[in-house]
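Peer 1: sequence first, then the predicted structure:
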Amino acid sequence: MSVQKYIKDNQSSLCELLQELVRIPTVNPPGENYAEIVELLEAKCQSLDMKTKVVKVTKRRADEIISNAATHPRLNLIARWDVGAEKTVHFNAHFDVVPVAGKWRFNDPFSGKIDGDWLYGRGSDDMKDSIAALLFAIEAIQKSDIEPQFNIECSFTCDEETGGQLGAGYIVEKGLVNADYVVNCEGGTEMNIGNGHNGVLWLEIDVHGKAAHGSQPDKGINAFEKTAELVSALQRVKRGLKSPDRAFKTNDGAERFPTMNIGGTFYGTDGDKVNTVPASLTFSIDRRVVPNEKLEFAELELREGIVGACEYYPDLKADVKAILRIEPCLTDTDSPLAQSFADAVRTVRFHQPKFKSTAGFTDLHYFVNTGLPGIGYGPKGERGHAINERVHIPDLVRTCAIYAVFMTRSEL
């Protein structure tokens, strides 16, 4: 039996595996049920005769990044199928998901319900579908009595949704990746293979005022009004990001510009009331850094804009703290990995794929910044991070087949 036929004939088992994963609510923040999903993944990998290692992040290291390390330990899993080949390919996928809100079609956001060609649930698209496709591809190879062309090393990691420092970043930091190439199982889909991603800078801005009674506002300094002045000044910086000389040209010739989102989060203090002058306000900035920019210059530009506003507006005082910095990354599309993966996509989808970097960010940079050639690719889904997140089952099957064809036919 061919690998592709096994996957097609057993797609119900593939969906059942994904449903198992979706039904474990690994919500981050705060980082729930990590031990449960690692236990499930380890058992699945061991059933495939893979050697496994659970990697627990030390509390000392976790305390540098998160505030709840004592109650929510960070865990990662590494699994390896060594067939004695000369080369090794590392496959990475994260198992954490973003929080849920709103009214979902099937009430339970972690139901894993199937309706027609779609499987619903938080994480069904981002990115437990990739985990299921990857593990089922390995199963299909084994059941078809075929040996892969290279050793297969997998990592299933935490915390990508909050930057990945304690997930992919940690296993790279500890030297636990022993491979020649890396496939990050997101960042590309259908006919687009990911060859990199934007960088990101997250800043948290604290604007300071002075509390006073609402009936005597002149005795205070209104932090909300001061924030409005600062945001107005930042709009000039934001408009400048659309300047033609800022554009990054993607592989298909399209232009991508840096972006800035102000106020994704904002809050005052517990003491704020209608009849008080607010003493402080905190808001966030999400600055996306295109691959032709440097992260440090993007941050410097923003900090200079904030300092300039504080010098211009009377009584405007603000503190700035960076809460996440990720450099953009681009990979070599002429590498043996990229070309072999493109061949696998063409074999399954019957068309020549294109390489394209993603405007979001993934964990790919942790691996390629150490010198590993890498690409990104996963199943097609919809509404990731939103209500009624879902994955297209036919594409889940095709992606599983692409992984399997890549593993069994590539010459790296």
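Peer 2: Yep, that arrived. Everything numeric in this text was worked out from a predicted model, so none of it was measured.
Peer 1: which of the helices or strands spans the closest residue to Met407 other than its chain neighbours?
Peer 2: Of all residues not flanking Met407 in the chain, Pro148 sits nearest, at 4.2 Å (Cβ to Cβ, 6 or more residues apart in numbering). Backbone N, C-alpha and C define where each C-beta goes, glycine included. For Pro148, there is no helix or strand it lies in under DSSP states H and E.
Peer 1: which residues touch Pro148?
Peer 2: Pro148 sits next to Trp81, Val83, Ala85, Ile141, Met407, Thr408 when contact means Cβ atoms under 8 Å, 6 or more residues apart in numbering.
Peer 1: likewise Val348?
Peer 2: By Cβ under 8 Å, 6+ apart, the contact list for Val348 reads Gln4, Arg398, Ala401, Ile402, Val405.
Peer 1: one more: Ala401?
Peer 2: By Cβ under 8 Å, 6+ apart, the residues touching Ala401 are Val3, Gln4, Ile7, Lys8, Ala137, Val348.
Peer 1: just to revisit the earlier point, looking at the contacts of Pro148, spot the one nearest Leu18.
Peer 2: Nearest to Leu18 among the contacts of Pro148 is Ile141, at 18.5 Å by Cβ to Cβ.
Peer 1: regarding that closest one, what is its secondary structure?
Peer 2: Using DSSP: H, G, I helix; E, B strand; the rest coil, the structure places Ile141 in helix.
Peer 1: around it, count how many other residues there are.
Peer 2: Using other Cβ atoms under 10 Å, Ile141 has 23 other residues around it.
Peer 1: just the pLDDT at it, thanks.
Peer 2: What the model reports as pLDDT for Ile141 is 98.
Peer 1: re the thing from before, by neighbour count, which of the contacts of Pro148 wins?
Peer 2: Sorting the contacts of Pro148 by how many neighbours each has (other Cβ under 10 Å) puts Met407 first, at 25 neighbours.
Peer 1: let me see the contact set for that residue.
Peer 2: So Met407 contacts Val89, Ala137, Ile138, Ile141, Pro148, Gln149, Phe150, Ile152 (Cβ under 8 Å, 6+ apart).
Peer 1: Val177 now?
Peer 2: Contacts of Val177 by Cβ under 8 Å, 6+ apart are His90, Glu153, Ser155, Ile171, Phe367, Thr370, Leu372.
Peer 1: for those, give me CSV that also has distance to Asn292.
Peer 2: Supplementary listing: the contacts of Val177 in CSV, determined by distance: Cβ to Cβ, whole Å:
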residue, distance to Asn292
His90, 27
Glu153, 32
Ser155, 30
Ile171, 29
Phe367, 21
Thr370, 22
Leu372, 22
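Peer 1: list buried residues within those residues.
Peer 2: His90, Glu153, Ser155, Ile171, Phe367, Leu372 (16 or more other Cβ atoms under 10 Å).
Peer 1: give me the subset of the residues you listed lying in strands.
Peer 2: His90, Glu153, Ser155 (DSSP state E).
Peer 1: apart from its neighbours in sequence, what residue is nearest the first one?
Peer 2: Okay, so that is His90. Of all residues not flanking His90 in the chain, Ala179 sits nearest, at 3.6 Å (Cβ to Cβ, 6+ apart).
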